[in-house]
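Student: heads up, no residue letters with this:
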């Protein structure tokens, strides 16, 4: 079967839109934890200039503005669709005068002018860099003297189901994660890296490390069901070929929003993961 250029574009936009929805659900579900992380950061004085590196649809951008309402944020991302959503949200919140979007591929050798920020925020993005050493040195060079770099990484994708679920295939999510980890080991070799050592090697002084254990129950929070659905759909797209046929059938039952076994009908979902944070200063 041949595909026209328009069909390829439609597929790209569909994938971009699906990822954007997951990012926005992630931001909503983890908002309290993100706010706690920002409050923990050892910031000096009254920081006003921020860069949100690989910003996605703006989870970090708006979390920072919530706590520093006078600040200005430069949001950098490689996705025009994500930046478009971010810009729309900035307008809706009335902060468009404080948010600048920059379309850039951070794997490029030369970065665009991002100003001289007091804080660079990178959440869930550093492990995607083709050359994280180059990215860390680039951040070091653009930060104002005494500025802070906050690296936030999650311990893989979150888990949503109890270990006993589903009843006919207990441990399904463990097997999904194991298959995903095998793929990530090949395609995302920097996931799980010791960013403290890498930050030190890039010239930073690491002033703090924080571990945040996330366990958010779905009771009264419909967003968690939608978040689980979006994440597990993406997992299925990546690992279907590696799954036992019985596991694939069980997963498809969970993803069938109209079926009796749908994730959206379960009352035992939760978001469980771990976030690791490094606060590193340019001295």
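Tutor: Done, it's in. Note that the coordinates shown come from a computational prediction; the quantities given were computed from them, not determined experimentally.

Student: who's in contact with the nearest residue to residue 30 once chain neighbours are set aside?
Tutor: Of all residues not flanking residue 30 in the chain, residue 214 sits nearest, at 6.6 Å (Cβ to Cβ, 6 or more residues apart in numbering). Glycine gets a C-beta too; all of them are placed from N, C-alpha and C. Neighbouring residues of residue 214 by Cβ atoms under 8 Å, 6 or more residues apart in numbering: 30, 33, 158, 271-275.

Student: how far away is residue 214 from residue 137?
Tutor: Distance of residue 214 to residue 137, computed by Cβ to Cβ, to the nearest Å: 31 Å.

Student: my guess is residue 208 is in a helix, correct?
Tutor: No. Applying DSSP: H, G, I helix; E, B strand; the rest coil, one finds residue 208 to be strand, outside a helix.

Student: pretty sure it sits against residue 42.
Tutor: Yes. Look at residue 208 against residue 42 with Cβ atoms under 8 Å: they come within range, at 5.8 Å.

Student: between the two, which contacts overlap?
Tutor: Counting by Cβ under 8 Å, 6+ apart, the common neighbours of residue 208 and residue 42 are residue 279.

Student: the more surrounded of the two?
Tutor: Set residue 208 next to residue 42 and count neighbours by other Cβ atoms under 10 Å: residue 208 wins out with 14 against 10.

Student: report pLDDT for the more buried one.
Tutor: At residue 208, the predicted lDDT confidence score is 97.

Student: go on, residue 5?
Tutor: Taking residue 5 on its own, its pLDDT is 35.

Student: repeat for the one 3 residues further on
Tutor: Residue 8 is assigned a predicted lDDT (pLDDT) of 34.

Student: next: residue 238.
Tutor: In this model, residue 238 is scored at 87, pLDDT.

Student: touching, it and residue 183? I think so.
Tutor: Yes. Counting by Cβ under 8 Å, residue 183 is a contact partner of residue 238 at 6.0 Å.

Student: buried set for the host helix or strand of residue 231?
Tutor: Assigned by DSSP states H and E, residue 231 falls within helix 222-239. For helix 222-239, a neighbour-count test (16 or more other Cβ atoms under 10 Å) marks 223-236, 239 as buried.

Student: before we move on, what about stretch 26-33?
Tutor: 26-27, 29-30, 33.

Student: how about the backbone phi and psi for the most centrally placed residue in the chain?
Tutor: The chain has residue 124 as the residue nearest its centroid, 4.2 Å off, counting by Cα atoms, centre = their mean. Main-chain torsions, residue 124, degrees, to the nearest 10: phi 70, psi 20.

Student: and the nearest residue to it once chain neighbours are set aside, what are its bridge partners?
Tutor: By the measure of Cβ to Cβ, 6+ apart, the closest residue to residue 124 outside its immediate chain neighbours is residue 154, 5.7 Å from it. Per DSSP bridges, the residues bridged to residue 154 are residue 275.

Student: mind checking pLDDT for residue 154?
Tutor: Listed pLDDT for residue 154 reads 84.

Student: next secondary structure after the least confident helix or strand in the chain by mean pLDDT?
Tutor: Lowest by mean pLDDT, DSSP states H and E among the helices and strands of the chain is helix 5-29, with a mean of 63. With elements assigned by DSSP H and E, the helix or strand that comes after helix 5-29 is helix 31-40.
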